[in-house]
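>>> below are the sequence and a predicted model for it; my questions follow.
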Amino acid sequence: MIGVSVLGSTGSIGRSTLDVLARHRDRYRVVALAANRDVEGMLRQCLEHRPELAAMADVESAQRLREALGREGAGIEVVAGDEGLAQVAAHPGAQQVMAAIVGAAGLQPTLAAVRAGKRILLANKEALVVAGALFMEEVRRAGVEVLPIDSEHNAIFQCLPPGDGSLDEGGVSRILLTASGGPFRTLPAEALETVTPEQACAHPNWDMGRKISVDSATLMNKGLEVIEAHWLFGARPDQIQVVVHPQSVIHSLVQYVDGSVLAQLGNPDMRTPIAHALAWPARIESGVAPLDLFEVARLDFEAPDTRRFPCLALAFRAIETGGTLPAVLNAANEVAVEAFLGGRIGFPHIPRIIEAVMERTTVLPADELETLMEADREARALARELVDGFGGAAG
Ligand SMILES: NC(=O)c1ccc[n+]([C@@H]2O[C@H](COP(=O)([O-])OP(=O)(O)OC[C@H]3O[C@@H](n4cnc5c(N)ncnc54)[C@H](OP(=O)(O)O)[C@@H]3O)[C@@H](O)[C@H]2O)c1
């Protein structure tokens, strides 16, 4: 039996992970779960999957969960806060950890899992955006495997040559990262002024959490993925091309120097990359319907429009500059997306806030975690000021 801990179990990726695990109870055991405030969701998961340990980042939520599980006589230990998340990440019964907390909040627990020597199933792309160099250095030091869960990176992983060699050594000329284009792909710039959070979260192909849905609508999600691909695969920014592919059937492609292009295809359902990473190098059933190419019928491709969606260009600028700038980009984006979801700013304010924060920031080398955390804090404070300014203007 393979023990699995799930960080962010109540979210979209967390729930899909538990769905795949439940199909293979003879092979996997859920040993620990962690979330933030969703006590009802966590209670249901605990009663169904019977982990040994559950953590809530929010201390008051942990207390409510403890009482509710006590009433059920479940015998599940409940822990709280950062320490509780770290305990789930490093649980001795887990060989694999699904890192699916959203945002920079996932960095420290994911690092705890790396340091504890677990196989990392990495959904939390923000961990790599904030601290890519340090994260990959910890991975090397601990000698752990990192399996990408992002469908694009999972596809690239499947199409790359085996082994740890560089892209050049493997004959890879380019990574082609596909993007659906999001719900506003065909909207004119003026119409973007008035789009609502509900429209932004109504993704045409994927059913995801609210933050990544907005990231997908602004194309920041693709920008974060460019940075993620840089660190995961050692790809220079000029080796990564973003291709808009509205059907989301090709999850990404790898181009070789001999002209070959390998692609991974499938229905847009995160249970495929989750099952792939859980079982790698074996294959297990995921619950995803087989791809029907006659139903798909056609595959379209177009170039991304960075004029209407400037976030993608901002992310390229961040990774080309390096240092603390990707952490700044990420922090400003998290604040701006939260403000948009809360109805405090308009959709076009998101890139404006991120760009303004990036321009007002002094970029430092990213060789210490504390430097990155400080850059993150400063960028959030500055972004909040700008939100207040734009919110007043918008209101
Ligand atoms: N959804 C997708 O299809 C998809 C695809 C590729 C990559 N990803 C990546 O996977 C990650 C998760 O995305 P998602 O869509 O599953 O997000 P989501 O549905 O919003 O779920 C987020 C999860 O993180 C937990 N969480 C939030 N803040 C936390 C904190 N401070 N401490 C501990 N736990 C916290 C939430 O707990 P509560 O429920 O208690 O708030 C929830 O379990 C993101 O990094 C995203 O970019 C997602």
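Thanks, I have the structure now.
>>> all contacts plus neighbour counts: C-alpha atoms, from now on.
Will do.
>>> bridged to the closest residue to Q158 other than its chain neighbours, which residues?
Closest residue to Q158 apart from its sequence neighbours, by Cα to Cα, 6 or more residues apart in numbering: Q264 at 7.2 Å. For Q264, the beta-bridge partners are S252 (DSSP bridges).
>>> try L147
Beta bridges link L147 to L121 when assigned by DSSP bridges.
>>> near the ligand, which residues of the stretch 251-395 of the chain are found?
Contacts of the stretch 251-395 of the chain with the ligand, taken as Cα under 6 Å from any ligand atom, map to M270.
>>> now the helices for the stretch 251-395 of the chain?
Secondary structure of the stretch 251-395 of the chain (DSSP state H, counting those that start in this stretch): helices at 271-279, 293-296, 311-321, 325-341, 349-359, 369-394.
>>> of those helices, which stretch is the most buried?
Of all the helices of the stretch 251-395 of the chain, helix 325-341 has the most neighbours on average by mean count of other Cα atoms under 10 Å, namely a mean of 26.
>>> quick one: average confidence on that helix?
What helix 325-341 shows for mean pLDDT is 98.
>>> ok, stretch 3-13 next?
Average pLDDT, stretch 3-13: 98.
>>> tell me how far the ends of it are from each other?
Using Cα to Cα, to the nearest Å, one end of stretch 3-13 lies 18 Å from the other.
>>> list of residues touching that stretch?
For stretch 3-13, contacts defined as Cα atoms under 8 Å, 6 or more residues apart in numbering pick out 14-15, 17-18, 28-36, 38, 41-42, 45, 85, 88-89, 91, 93-102, 109, 123, 207-209, 270.
>>> list only those of those residues flagged as buried.
Taking 16 or more other Cα atoms under 10 Å as the criterion, what is buried in the contacts of stretch 3-13 is 14-15, 17-18, 28-36, 38, 42, 45, 85, 88-89, 91, 93-102, 109, 123, 207-208, 270.
>>> which ones among the residues you listed map onto strands?
With DSSP state E as the criterion, strands contain 28-35, 96-99 from among the buried ones among the contacts of stretch 3-13.
>>> need those residues in CSV (columns: distance to Q199 and pLDDT).
Formatted as CSV, those follow (distance: Cα to Cα, whole Å; pLDDT from 0 to 100):
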residue, distance to Q199, pLDDT
Y28, 38, 98
R29, 38, 98
V30, 35, 98
V31, 37, 98
A32, 35, 98
L33, 31, 99
A34, 29, 99
A35, 26, 98
Q96, 36, 98
V97, 33, 99
M98, 29, 99
A99, 28, 98
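>>> can you pick out the most distant pair from those?
Greatest spacing in those, by Cα to Cα: Y28 and A35 (20.2 Å).
>>> before we move on, the earlier item: quick check: the residue nearest to Q158 vs the ligand, distance?
In this view, Q264 and the ligand are 16 Å apart by Cα to the nearest ligand atom, to the nearest Å.
>>> pretty sure that residue is touching T272, no?
No: if you go by Cα atoms under 8 Å, Q264 and T272 don't touch, sitting 11.1 Å apart.
>>> would you mind naming what in the stretch 51-200 of the chain lies close to the ligand?
Proximity of the stretch 51-200 of the chain to the ligand (Cα under 6 Å from any ligand atom) is limited to residues 57, 100-103, 105, 123-126, 150.
>>> which ones among those map onto helices?
With DSSP state H as the criterion, helices contain 125-126 from among these.
>>> sorry, back to before: nearest to the ligand among the ones in strands among the buried ones among the contacts of stretch 3-13?
A35 (3.9 Å; Cα to the nearest ligand atom).
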